[in-house]
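Undergrad: Fold the following.
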Amino acid sequence: MFRPKYPEAPTPTIVQTPPAAPAVQHSQAPACACQHAPAAAPWLGPSARTVGVVLAVGVVVTALLAAVVVTAISVAVAAVVMRSLLTSQRHR
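TA: Prediction:
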């Protein structure tokens, strides 16, 4: 009663095609015998690389500092709570 009823999936039909004729390869001689150099890739200068490295290092250092700050705040809150609990038990 509580089991799901899945619809029956139709069985796929396989259509067999006759094998294709082998492809005829045409060899074509190059238009010229000269050696073409590949296009030059855009080059980043040293200043662009330096900016990239400084940004990457800055992001990592900022993330580490944020982790340290969050940890320090959580330890401080835990210390205040523990102090409050211990102080309230002494007065009772």
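Undergrad: rest of the way, CA atoms for contacts and neighbours
TA: OK.
Undergrad: what pLDDT does P19 get?
TA: pLDDT recorded at P19 is 69.
Undergrad: again, but for S27
TA: 69.
Undergrad: same deal with A56?
TA: 94.
Undergrad: Look up phi and psi at it.
TA: Reported as degrees, to the nearest 10, the phi and psi values for A56 are phi -60, psi -50.
Undergrad: cool, the one 3 residues further on as well?
TA: Main-chain dihedrals, V59, degrees, to the nearest 10: phi -60, psi -40.
Undergrad: And it, how far from G52?
TA: 11 Å (CA to CA, to the nearest Å).
Undergrad: With L65 instead?
TA: 20 Å.
Undergrad: Check V81 too.
TA: On the measure of CA to CA, V81 and G52 end up 44 Å apart.
Undergrad: and if you look at A79?
TA: 41 Å.
Undergrad: mind listing the helices for the chain?
TA: 46-90 (DSSP state H).
Undergrad: In it, where is pLDDT below threshold?
TA: Low-confidence segments of the chain, defined by pLDDT under 70: 1, 18-45, 90-92.
Undergrad: rerun that using 90 as the cut-off
TA: For the chain, applying pLDDT under 90 flags the ranges 1-52, 86-92.
Undergrad: residues of stretch 56-71 that come out buried?
TA: Within stretch 56-71, no residue counts as buried by 16 or more other CA atoms under 10 Å.
Undergrad: Kindly export it (C-alpha atoms) in PDB.
TA: The C-alpha atoms that make up stretch 56-71 are tabulated as PDB, following Å, rounded to 0.1, in the frame of the first residue of the first chain:
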ATOM      1  CA  ALA A  56      46.800  36.500  -4.100                       C
ATOM      2  CA  VAL A  57      48.900  36.800  -1.000                       C
ATOM      3  CA  GLY A  58      46.700  39.500   0.300                       C
ATOM      4  CA  VAL A  59      43.600  37.300   0.000                       C
ATOM      5  CA  VAL A  60      45.300  34.400   1.800                       C
ATOM      6  CA  VAL A  61      46.600  36.600   4.600                       C
ATOM      7  CA  THR A  62      43.200  38.300   5.000                       C
ATOM      8  CA  ALA A  63      41.500  34.900   5.300                       C
ATOM      9  CA  LEU A  64      44.000  33.700   7.900                       C
ATOM     10  CA  LEU A  65      43.600  36.900   9.900                       C
ATOM     11  CA  ALA A  66      39.800  36.600   9.800                       C
ATOM     12  CA  ALA A  67      40.100  33.000  11.100                       C
ATOM     13  CA  VAL A  68      42.300  34.100  13.900                       C
ATOM     14  CA  VAL A  69      39.800  36.900  14.900                       C
ATOM     15  CA  VAL A  70      36.800  34.600  14.800                       C
ATOM     16  CA  THR A  71      38.700  32.100  17.000                       C
END
